[in-house]
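how does the following fold in three dimensions:
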Amino acid sequence: MKKVYIETYGCQMNVADTEIIMGLLRKEGFERTDDASSADLMLVNTCAIRDNAEQRVIGRLGELKRHKNGQNLLGVVGCMAQRLGASLLDRCPHVDLIAGPDGYRSLGQLILRAGEGDRVADTEFKAWEHYEDVTPMRSGGASAFVTVQRGCDHKCTFCIVPMTRGPERSRRLDDVINEIGGLAGRGVSEVTLLGQTVNSYHDGKSDFADLLRAAGAVPGIRRVRFTSPHPNDFTDRVIEAMAETPEVCEHVHLPAQSGSSRVLKRMLRRYNKETFVECVRRLRDAVGGIALTTDIIVGFPGETEADFLETMSLVREVEFDDAFTFRYSVRDGTPAQKLGDVVSKEVSGERLSRLIEEVRSIARVKNAAMVGEAREVLVEKVARRGELLQSRTRNNKVVLLEGTEEDIGGYQTVRITGTTGSTLIGIPARSVRNELAVVT
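Residues are numbered from 1 along each chain as shown. So this is what the prediction gives:
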């Protein structure tokens, strides 16, 4: 078989798209390799959300160029490919083919034409495309991503996603549930439902509340997660479904982006600080023990020190369990590019440092409060520290524990014995029982 080497950058949607790409390429006679130098085809699945992500890809393409031998091909797929289109071929003469998120079905033809010497691109939006007939090539394990929605209709002024993934469209509920059922039949017990604003899911008949209940009812599914929702789309029906479906995990990644109502209005986020906090209250009232994580941008055009202090105030008020924090990155073609009022890198960098320290401080306190508790974890993989395993609680806390590779994919009850600040340390329940027996 021909060999394909693929690197994936960006969000969970890109990871899921790589699985779709591999499913399509398998039909074209390709098998995956981890050795770029032996590949007939090298692909980079890209992110366009920030400039530094694109610059990293440009640098990586230059590195992969050394593996070209006149017979193999180098391609760029994903959001950056969609954003730059054929201009990327001009910028990177060593790139042979380009495909946006709706163009993966044409990869076979693109590869064929590129092999004949053409340099080709498919960046056409296809509102019908859900790749329903494609079986994603997943790596196995107890967890799986399931894309339920593609594209985005929100027009946040800083965001490139509507320009890279097209308009929002949802898969039919029955198709999603059939896919989840097939995964459960192969041993998957945890699914993460993916969409750009996943809780706005609606297939014309069923909404996200219906989807949550149906996913939780699939035999063999023990945990249901989802990302990323929009604060405005947490209807009463959705929150009730979260609270009443035992399989839905007690964690929500709730992007705030800013704590300043003035900045949020300039971002066109369609909520203010007060309504965001009200959304948090509704979630916490309905779902006991829920953990909340978030995204926050600092240095958005026109952000003043007072605006930034409002963000710090929101972080303290909500007490997020963790946050992905970023300096604003201008994206060509987005409305924010025209706002002016640029915040200097020095100022935004200093604000980012203060924000990170505040987030970490809160996370340390919240994680320390869990020490001594017993929690169910799903063992995911060998940790970076090879002598330990990485597992995850229902509320999305990472727990390191001792064990063997045979434990991966299984559930355990652990006692939390310590924390590094961002990560928890646990002892399996069997070890706890053994300790008690010795003491007795």
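
the stretch 151-300 of the chain: helices as residue ranges?
In order along the chain, the stretch 151-300 of the chain carries the following helices (DSSP state H, counting those that start in this stretch): 161-165, 173-185, 208-216, 236-244, 261-267, 273-286.

tell me the most buried of these?
When neighbours are counted by mean count of other CB atoms under 10 Å, the highest per-stretch mean among these falls to helix 208-216, a mean of 22. Placement of C-beta: from N, CA and C, glycine included.

tell me which other helices or strands it touches.
For helix 208-216, the contact count by 3 or more CB pairs under 8 Å, 6 or more residues apart in numbering; DSSP states H and E identifies helix 173-185, strand 190-194, strand 223-227, helix 236-244 as packing neighbours.

nearest to residue 340, of the helices of the stretch 151-300 of the chain?
Distance to residue 340, taken as CB to CB, is lowest for helix 261-267 among the helices of the stretch 151-300 of the chain, at 11.1 Å.

what's in contact with that closest one?
The set of residues that contact helix 261-267 without belonging to it, under CB atoms under 8 Å, 6 or more residues apart in numbering, is 156-158, 257-258, 271-274, 276, 297, 300-303, 307, 310-311, 336, 339.

contacts only, for residue 311.
The neighbourhood of residue 311, defined by CB under 8 Å, 6+ apart, consists of 256, 258-260, 263, 296, 298, 355.

got the CA positions of the longest helix seen in the chain in CSV?
Ordering each helix of the chain by length in residues (DSSP state H) puts helix 345-368 first. Taking only C-alpha atoms (Å, rounded to 0.1, in the frame of the first residue of the first chain), the coordinates of helix 345-368 have been written out as CSV:
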residue,chain,number,x,y,z
LYS,A,345,2.3,43.6,22.4
GLU,A,346,4.0,44.8,25.6
VAL,A,347,0.7,45.8,27.2
SER,A,348,-1.2,42.7,26.1
GLY,A,349,1.7,40.5,27.1
GLU,A,350,1.8,42.0,30.6
ARG,A,351,-2.0,41.5,30.9
LEU,A,352,-1.8,37.9,29.7
SER,A,353,0.8,37.2,32.4
ARG,A,354,-1.4,38.6,35.1
LEU,A,355,-4.4,36.7,33.8
ILE,A,356,-2.5,33.4,33.6
GLU,A,357,-1.3,33.8,37.2
GLU,A,358,-4.9,34.5,38.4
VAL,A,359,-6.3,31.5,36.6
ARG,A,360,-3.6,29.2,37.9
SER,A,361,-4.1,30.5,41.4
ILE,A,362,-7.8,29.7,41.4
ALA,A,363,-7.2,26.3,39.7
ARG,A,364,-4.6,25.3,42.4
VAL,A,365,-7.1,26.1,45.2
LYS,A,366,-10.0,24.2,43.5
ASN,A,367,-7.8,21.2,42.8
ALA,A,368,-6.4,21.2,46.3
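
what's the angle from the helix or strand following that helix to strand 223-227?
Sequence-wise, the next helix or strand beyond helix 345-368 is strand 374-382, with elements assigned using DSSP states H and E. Between strand 374-382 and strand 223-227, the angle formed by their directions is 70 degrees, by axes from the mean of the first three to the mean of the last three CA atoms, to 10 degrees.

show me what the helix or strand following strand 374-382 pairs with in its sheet, parallel or antiparallel.
Downstream of strand 374-382, the first helix or strand assigned by DSSP H and E is strand 389-393. The strands that strand 389-393 pairs with in its sheet are strand 374-382 (antiparallel), strand 398-401 (antiparallel) (by DSSP bridges).

mind putting these into CSV with mean neighbour count?
Formatted as CSV, these follow (neighbours: other CB atoms under 10 Å):
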stretch, mean neighbour count
strand 374-382, 18
strand 398-401, 22
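
for residue 12, find the nearest of those.
In this view, the strands paired with strand 389-393 are compared for proximity to residue 12 by CB to CB, and strand 374-382 is the closest at 14.3 Å.

contacts for the closest one?
Defining contact as CB under 8 Å, 6+ apart, one finds that strand 374-382 is touched by 141-143, 189-190, 223, 388-394, 397, 399, 401, 403, 405, 407-416, 426, 429.

in strands, which of the contacts of helix 261-267 fall?
Secondary structure of the contacts of helix 261-267 is defined by DSSP state E; positions in strands are residue 297.

using ChimeraX, define a selection of the buried residues within the contacts of helix 261-267.
Selecting only the buried entries of those in ChimeraX, with 16 or more other CB atoms under 10 Å as the criterion:
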select :156,157,158,257,258,271,272,273,276,297,300,301,302,303,307,310,311,336,339
